[in-house]
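Peer 1: pasting the sequence and the predicted model now:
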Amino acid sequence: MTDAITVPDHAETAEQAFERYRAFYDSGRLIQSQWHVEADGRQLACGLGVIGDEVDSPSDCPSAIMPRWLAQMVPWFFDSQKPEDAFAWGLDFYAELKRLNGVVPFSVVYDWQSSVVGPFAVETAEKHKRDPAPAKALAEIQWKALTGEKFSRDEWHAHFLAAYKQAYLARYADANAYANADAYANADAYKKSITRLAAGMVECLKRVSTDEPS
């Protein structure tokens, strides 16, 4: 158990954010879909809200803890999983932020899209007998960006946005088409999908060296 005396009232560093998250995790004070709640005299908070009472949106997250683009993803990851999966995921996530001292390079996005999101989109397309080419194109361009290939603005828009729209708009169309067939099963499948994507983000963070520039 975390010694409550050593946990700061709010976090200003990634290490403090990890300590606060662990304290909320250990004491059963994590919640989903709400930033801050008081219940039975206890202060409860979500995956980002644990940083401090003043954090009510991703824009309130200190940049010393994580970059804005990553903070914007946390509510989706945290709120869309089953509670037990989300709470355990948050512990791993904040542990990586602590290791990196909050310095997360944007290359993590390229890694995540190419090694996690892209393969998942291809798998989904093949499962529903759709053309996987757009999803493969999306993963490929993200991999090229990760390995240092440069694109002009026109090239990026032409290749990335086209692939993104085809892959993900088709995915959401499938979700809507199957929603009425078995709502409960689809909701469970969706949560499992988010757990896979969220876990993939942690794996991408683990691949970042502490010597890597931001």
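Peer 2: Okay, I see it. Residues are numbered from 1 along each chain as shown.
Peer 1: which segments of the chain make up each domain?
Peer 2: The chain breaks down into these domains under automatic domain parsing: 4-100, 107-179.
Peer 1: select the longest helix from this structure.
Peer 2: If you go by DSSP state H, the chain has its longest helix at helix 183-206.
Peer 1: would you convert the domains of the chain into TSV that also reports mean pLDDT, distance to residue 191 and mean neighbour count?
Peer 2: Backbone N, C-alpha and C define where each C-beta goes, glycine included. Shown next, in TSV, are the domains of the chain (pLDDT from 0 to 100; distance: least, Cβ to Cβ, whole Å; neighbours: other Cβ atoms under 10 Å):
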stretch	mean pLDDT	distance to residue 191	mean neighbour count
domain 4-100	94	5	17
domain 107-179	67	13	16
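Peer 1: minimum distance to residue 188: which of the ones you listed has it?
Peer 2: Closest approach to residue 188 among these (Cβ to Cβ): domain 4-100, 8.4 Å.
Peer 1: ok, back up a step: what is the distance between the longest helix of the chain and the centre of its chain?
Peer 2: 9 Å (Cα atoms, centre = their mean, to the nearest Å).
Peer 1: what about the nearest residue to residue 35 once chain neighbours are set aside, distance to residue 59?
Peer 2: Leaving aside its chain neighbours, residue 35 sits nearest to residue 49 (4.3 Å; criterion: Cβ to Cβ, 6 or more residues apart in numbering). Going from residue 49 to residue 59 by Cβ to Cβ, to the nearest Å gives 13 Å.
Peer 1: contacts for the helix or strand hosting residue 87?
Peer 2: If you go by DSSP states H and E, residue 87 is part of helix 83-100. Contact with helix 83-100 is made by 14-15, 17-18, 21-22, 25, 30, 32, 47, 65-66, 74, 77-81, 104, 191, 195, 198-199, 201-202, 205-206, 208, 210, as judged by Cβ atoms under 8 Å, 6 or more residues apart in numbering.
Peer 1: mind jotting down where the strands sit in this protein?
Peer 2: 36-39, 42-45 (DSSP state E).
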